[in-house]
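>>> build the 3D model from these lines:
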Amino acid sequence: MKKYFVLKIDSYEGEGSSLTVDADGADSMYVVLSVEGSSAEIVDWGYPTVDDILAAWDNVTFENVDEFR
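Model prediction:
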């Protein structure tokens with residue numbers, strides 16, 4: 001059975017790596033993480049707020065949405 005989680009990804013710059021994300025001008029974004037068994041996959045990304053994810057994905061229950069409230 002698939003489970004869905006909200007995941008926040010922040011931009012960062014490290015010594016040997018970096019990641020730049022942008023969602024409506026913010027340097028972070030929220031993504032939808034799908035977990036099934038021992039596999040996890042980001043299935044949707046680019047949301048500036050958790051509320052935007054909840055509106056777009058109103059047909060699933062997120063396991064950790066209370067962490068963002």
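
>>> hey, let's count contacts and neighbours off CA atoms from now on
Fine.

>>> can you give me phi and psi for W57?
phi -110, psi 50 (degrees, to the nearest 10).

>>> in the one helix or strand I42 maps to, what's buried?
Counting by DSSP states H and E, the element that carries I42 is strand 39-47. Within strand 39-47, the residues that count as buried by 16 or more other C-alpha atoms under 10 Å are W45, G46, Y47.

>>> quick one: those as JSON lines, columns for pLDDT and distance to A55 too.
Supplementary listing: those in JSON lines, determined by pLDDT from 0 to 100; distance: C-alpha to C-alpha, whole Å:
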{"residue": "W45", "pLDDT": "97", "distance to A55": "14"}
{"residue": "G46", "pLDDT": "96", "distance to A55": "14"}
{"residue": "Y47", "pLDDT": "97", "distance to A55": "11"}
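
>>> list just the nearest of the residues you listed to T20.
T20 lies nearest to G46 out of these, by C-alpha to C-alpha, at 12.0 Å.

>>> geometric centre of the protein: which residue is closest?
V31 (2.0 Å; C-alpha atoms, centre = their mean).

>>> quick one, what contacts the nearest residue to A40 once chain neighbours are set aside?
Spatial nearest neighbour of A40, chain neighbours left out: S34 (5.6 Å); criterion: C-alpha to C-alpha, 6 or more residues apart in numbering. S34 is in contact with K2, K3, Y4, F5, A40, E41, I42, V43, counting by C-alpha atoms under 8 Å, 6 or more residues apart in numbering.

>>> mind listing the strands in the chain by residue range?
With strands called from DSSP state E, the chain shows them at 3-10, 12-13, 18-19, 28-36, 39-47.

>>> distance to R69 added to the ones you listed, as a markdown table?
Formatted as a markdown table, these follow (distance: least, C-alpha to C-alpha, whole Å):
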| stretch | distance to R69 |
| --- | --- |
| strand 3-10 | 12 |
| strand 12-13 | 24 |
| strand 18-19 | 26 |
| strand 28-36 | 14 |
| strand 39-47 | 16 |
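
>>> picking up where we left off before, same for the strand holding I42, what does it pack against?
Counting contacts by 3 or more C-alpha pairs under 8 Å, 6 or more residues apart in numbering; DSSP states H and E, strand 39-47 packs against strand 28-36.
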